[in-house]
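[1] what's the 3D shape of this:
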Amino acid sequence: MAEIQESGDKKGKGSKQKKMSIRVDFTPMVDMNMLLITFFMLCTSLSKPQTMEISMPSNDKNITEEQQNKVKASQALTLLLDADNKLYYYEGEPDYDNYASLKETTYEADGLRKILLRKNADAVKKVRELKEKKARLEITEEECKKQIAEVKSGKNTPTVIIKPTDRSTYKNLVDALDEMQICSIGKYVIVDVAEGDQVLLDHYHQGSDAAHV
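    Below you'll find the model as predicted:
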C-alpha cells in the first residue's frame, strides 16, 4: 500500500506550493511471495536424475582373479582402457603369453560399437522389437522394461569386463559405458586391471614399437 505524505512551507505566508513524498509499503508482497513459492513447490515436479545401471563385482576378497575371469570364452569380452584414448580388447580367456592376442579398436561407432553389436546381435534385435511394440501400445512401459531386462540378461548374451588403467581418463570410462547402453549389453562389470593385463599391454606396446623401427 502506498502512502502519500504532504509537506508544505508553513513559515511562508504567501506560498501555496506543497511537496508530496510517496512511500510504498512492500510488506504485503512478502506474504504473496511465500504463497507463490509454496504453490510452485507443490505443483512443480522435480527433475529425476538419469541413472545408469552398473553391475559391480563382489567385494569378497576370497574371489580370485581366475574366478573373475571364469566366463564362457565365446561370450566374454575384456576391454582395456589405456592412455591417449587407446582401447584394447581380447575375447575369451586372456592369453598372457601371447601379446598378439590383444587387439586395438576405438570408441567410435565403427570400433567398439561394431564389436558389441556383432556379439549381441540377437539381443539388440529383440530389444528393438520390444520398443516397437511399446510404441504401438501393444505392451505397457513396465512390461517393456521387464522383458528388455530379461533379454539383456539372457544366457547367450555376452559379458563385458571393463578394466580402466591408471592412464585412462574418466571420459574413456563414460564412453565405454555409453556403448553398453547403446548395444543393449546387460552383463558388464568394472574391475581393476590385473597384473597379467598390464604385462600384456606392455608387451603389446613393445612389439608395436619394434615393428615400427
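
[2] name the nearest residue to S101, ignoring sequence neighbours.
    D95 (4.2 Å; Cβ to Cβ, 6 or more residues apart in numbering). In short, each C-beta sits where N, CA and C put it, glycine included.

[3] and for that neighbour, the neighbour number?
    For D95, the tally of surrounding residues (other Cβ atoms under 10 Å) stands at 13.

[4] secondary structure class for it?
    The three-state label given to D95 by DSSP: H, G, I helix; E, B strand; the rest coil is coil.

[5] what's the spacing between C183 and A109?
    Distance of C183 to A109, computed by Cβ to Cβ, to the nearest Å: 10 Å.

[6] ok, these two, which is more surrounded?
    C183 (22 against 11).

[7] ok, the closest residue to that one other than its chain neighbours - contacts?
    The shortest distance from C183 to any residue other than its chain neighbours is 3.8 Å, reached at L116 (Cβ to Cβ, 6+ apart). Contact analysis of L116 by Cβ atoms under 8 Å, 6 or more residues apart in numbering lists 77, 158, 160, 179-180, 183, 185.

[8] please redo it, this time with the cut-off set to 7 Å
    179, 183, 185 (Cβ atoms under 7 Å, 6 or more residues apart in numbering).

[9] kindly report the same for D122.
    N156.

[10] next one: T105
    Applying Cβ under 7 Å, 6+ apart, the residues near T105 are 87, 89, 111-112, 115.

[11] hmm, V191 is touching V160, no?
    No: applying Cβ atoms under 7 Å as the test, V191 and V160 come out as separate, 11.0 Å apart.

[12] how far does the helix or strand harbouring V127 sit from its chain's centre?
    Assigned by DSSP states H and E, V127 belongs to helix 121-135. Taking Cα atoms, centre = their mean, to the nearest Å, one finds the center of helix 121-135 at 22 Å from the center of the full chain.

[13] mind listing what's buried along that helix?
    123-124, 126-127, 130, 134 (16 or more other Cβ atoms under 10 Å).

[14] check stretch 73-82 too.
    75-82.

[15] all the strands of the chain, residue numbers only.
    When secondary structure is read from DSSP state E, the chain shows strands at 2-8, 18-24, 76-81, 87-91, 103-105, 159-164, 187-190.

[16] if you average pLDDT over each of the ones you listed, which is lowest?
    Out of the strands of the chain, strand 2-8 stands lowest, with a mean of 53 (criterion: mean pLDDT).

[17] so what's T169 up against?
    Neighbours of T169 in contact, by Cβ under 7 Å, 6+ apart: none.

[18] nope, I182 is what I was after
    R113.

[19] same thing but at 10 Å, please
    109, 112-113, 116-117, 124 (Cβ atoms under 10 Å, 6 or more residues apart in numbering).
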